[in-house]
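Visitor: only geometry, no sequence info:
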């Protein structure tokens with residue numbers, strides 16, 4: 001995203017005002033401990049200066065719901081967008097079932113990881129996926145919501161270790177997301193789509209955002225609070241997860257489904 005120096009300062013101040021409000025939060029233990037059976041790892045990265053205990057944020061709400069529904073079958077955890085290194089180390093820790101400090105080839109290749117983020121968190125999602133690629137670790141799915149590239153990051157090119165990628169964006173205002181993402185290797189990565197949402201005539205209710213964000217970045221805030229967007233995201237993520245225990249007992253199913261959501265996402 002190209003901008004003048006004054007605008008960069010303005011943007012940083014705006015983000016600090018917290019579009020983007022939330023209570024301060026120290027790093028804490030994950031809600032769901034790793035079990036002897038490897039869980040699906042779902043990592044969310046929030047945007048701006050949102051904190052991980054901001055329960056108005058849909059990224060936080062989604063992770064809480066997954067942990068509640070899937071128990072030890074899923075490890076869903078949220079990180080602030082400046083905590084990418086901590087997120088990466090948490091993933092490596094969860095993958096190392098023998099706790100010997102290194103990852104065996106099988107521990108890497110059997111990984112089941114979903115990454116999702118909004119705004120700066122979406123940019124960090126792709127950078128995190130690229131760091132996992134450097135370690136030979138595959139990613140099932142990346143999801144970007146109104147992705148805003150951080151300096152030095154390329155949020156438009158999905159690395160080849162990612163099986164599927166999807167991008168949700170809105171085009172209006174001084175702060176708006178990347179309109180198109182591409183696969184570094186289309187033979188290995190399926191870009192499900194770049195899905196545009198327009199809020200010029202269709203605003204959505206916003207909870208928890210500061211006045212600055214609601215005034216100057218309203219469309220950016222709208223997509224981050226749009227229930228229609230998050231319903232689609234939740235369906236995509238759940239398609240990669242094992243059937244919740246309660247449902248397994250009723251249906252006898254145990255494996256993640258494989259569903260084409262392209263038509264539903266349009």
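Guide: Received it, and whenever you're ready, just let me know what you need. The shown structure was predicted, so the numbers you read here are calculated from the model rather than taken from an experiment.
Visitor: Quick check, central residue of the chain?
Guide: Ranked by distance to the mean C-alpha position of the chain (CA atoms, centre = their mean), the top residue is residue 116 at 1.2 Å.
Visitor: right, and it touches residue 234 too?
Guide: No: between residue 116 and residue 234 no contact is recorded; they are 10.0 Å apart, counting by CB atoms under 8 Å. Yep, even glycine has a C-beta here, placed from its N, CA and C like the rest.
Visitor: Overlap of the contact sets of the two?
Guide: Where contact means CB atoms under 8 Å, 6 or more residues apart in numbering, the residues bridging residue 116 and residue 234 through contact with each are residue 62.
Visitor: Output the contacting helices and strands for the helix or strand hosting residue 115.
Guide: Mapping residue 115 onto the secondary structure by DSSP states H and E places it in strand 113-118. Under the contact definition 3 or more CB pairs under 8 Å, 6 or more residues apart in numbering; DSSP states H and E, strand 113-118 sits against strand 40-46, helix 58-70, helix 120-134, strand 139-145, helix 227-238.
Visitor: contacting residues around the residue lying closest to the residue nearest to the centre of the chain once chain neighbours are set aside?
Guide: Excluding its sequence neighbours, the residue lying closest to residue 116 (CB to CB, 6 or more residues apart in numbering) is residue 143, at 3.8 Å. Under the criterion of CB under 8 Å, 6+ apart, the contact list for residue 143 reads 114, 115, 116, 117, 122, 125, 165, 166, 168, 233, 236, 237.
Visitor: tell me the angle of the strand holding residue 115 relative to helix 58-70?
Guide: Interaxial angle of strand 113-118 relative to helix 58-70 (axes from the mean of the first three to the mean of the last three CA atoms, to 10 degrees): 150 degrees.
Visitor: What pairs with strand 113-118, parallel or antiparallel?
Guide: Partner strands and pairing direction for strand 113-118 (DSSP bridges) are strand 40-46 (parallel), strand 139-145 (parallel).
Visitor: now those strands in JSON lines, with distance to residue 69?
Guide: Putting those into JSON lines (distance: least, CB to CB, whole Å) gives the following:
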{"stretch": "strand 40-46", "distance to residue 69": "12"}
{"stretch": "strand 139-145", "distance to residue 69": "18"}
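Visitor: Need those strands in a markdown table (columns: distance to residue 157 and mean pLDDT).
Guide: Compiled in a markdown table, the strands paired with strand 113-118 are given as follows (distance: least, CB to CB, whole Å; pLDDT from 0 to 100):
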| stretch | distance to residue 157 | mean pLDDT |
| --- | --- | --- |
| strand 40-46 | 18 | 97 |
| strand 139-145 | 11 | 98 |
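Visitor: Can you tell me how far the residue nearest to residue 116 is from residue 201?
Guide: Computed with CB to CB, to the nearest Å, the distance linking residue 143 and residue 201 is 26 Å.
Visitor: before we move on, what about residue 177?
Guide: With the distance defined as CB to CB, residue 177 ends up 19 Å from residue 201.
Visitor: lowest-confidence helix or strand of the chain?
Guide: Lowest by mean pLDDT, DSSP states H and E among the helices and strands of the chain is helix 5-17, with a mean of 45.
Visitor: Who has more neighbours out of residue 177 and residue 201?
Guide: Under the neighbour definition other CB atoms under 10 Å, residue 177 and residue 201 were set side by side, and residue 177 has more, 28 against 5.
Visitor: Contacts only, for that one.
Guide: Listed by CB under 8 Å, 6+ apart, the contact set of residue 177 reads 119, 122, 144-148, 167-170, 220, 223.
Visitor: can you rerun that using 7 Å?
Guide: Neighbouring residues of residue 177 by CB atoms under 7 Å, 6 or more residues apart in numbering: 146, 147, 148, 169, 170.
Visitor: and of the residues you listed, the nearest to residue 194?
Guide: Using CB to CB, the shortest approach to residue 194 within the contacts of residue 177 belongs to residue 169, at 6.8 Å.
Visitor: Output the below-cut-off pLDDT ranges for the stretch 101-250 of the chain.
Guide: Scanning the stretch 101-250 of the chain for pLDDT under 70 picks out the ranges 101, 208-216, 245-250.
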